[in-house]
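**Student:** structure, please.
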Amino acid sequence: MQRLIQSNLAVAEALNLQTKAMQDLTEGIASLLDQMADDAQEVAQPRMLDGSLL
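**Tutor:** Okay, the predicted model is just below:
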């Protein structure tokens, strides 16, 4: 019984670590998408031939 409890605790800990890793990955992807959107807006702004904003 003790082995089963220890095994279940190890599985629960591994799942918690996996969940944290997925949250970190999701936050990183969201941050990257935000940066890409900001970059796209910046590029889309009208500019003069020398690159300065109108």
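**Student:** at the geometric centre of this protein, which residue sits there?
**Tutor:** Among the residues of the chain, the one closest to the centroid is G28, at 1.9 Å (Cα atoms, centre = their mean).
**Student:** ok, it to L17 distance?
**Tutor:** Between G28 and L17 the computed distance is 16 Å (Cβ to Cβ, to the nearest Å). C-beta coordinates here come from the backbone N, C-alpha and C atoms, glycine included.
**Student:** can you give me the helices in the chain?
**Tutor:** Assigned by DSSP state H, the helices in the chain fall at 2-44.
**Student:** number of nearby residues for A37?
**Tutor:** A count of nearby residues for A37, using other Cβ atoms under 10 Å, gives 10.
**Student:** meant to ask about A30, not that
**Tutor:** 10.
**Student:** and what of M48?
**Tutor:** Neighbours of M48 using other Cβ under 10 Å come to 8.
**Student:** low-confidence ranges, the protein, go.
**Tutor:** By pLDDT under 70, the chain has no low-scoring segment.
**Student:** try 90 this time
**Tutor:** Applying pLDDT under 90 to the chain picks out residues 41-54.
**Student:** and the gap between the residue nearest to the centre of the chain and Q35?
**Tutor:** The gap separating G28 from Q35 is 11 Å, by Cβ to Cβ.
**Student:** again with V11
**Tutor:** Per Cβ to Cβ, V11 is found 36 Å from Q35.
**Student:** please apply the same query to T26.
**Tutor:** 15 Å.
**Student:** next one: S7
**Tutor:** Distance of S7 to Q35, given as Cβ to Cβ: 42 Å.
**Student:** go on, Q2?
**Tutor:** Applying Cβ to Cβ, the value for Q2 to Q35 is 49 Å.
**Student:** for G51, same thing?
**Tutor:** Counting by Cβ to Cβ - G51 and Q35 are separated by 20 Å.
**Student:** check E27 too.
**Tutor:** E27 sits at a distance of 13 Å from Q35 (criterion: Cβ to Cβ).
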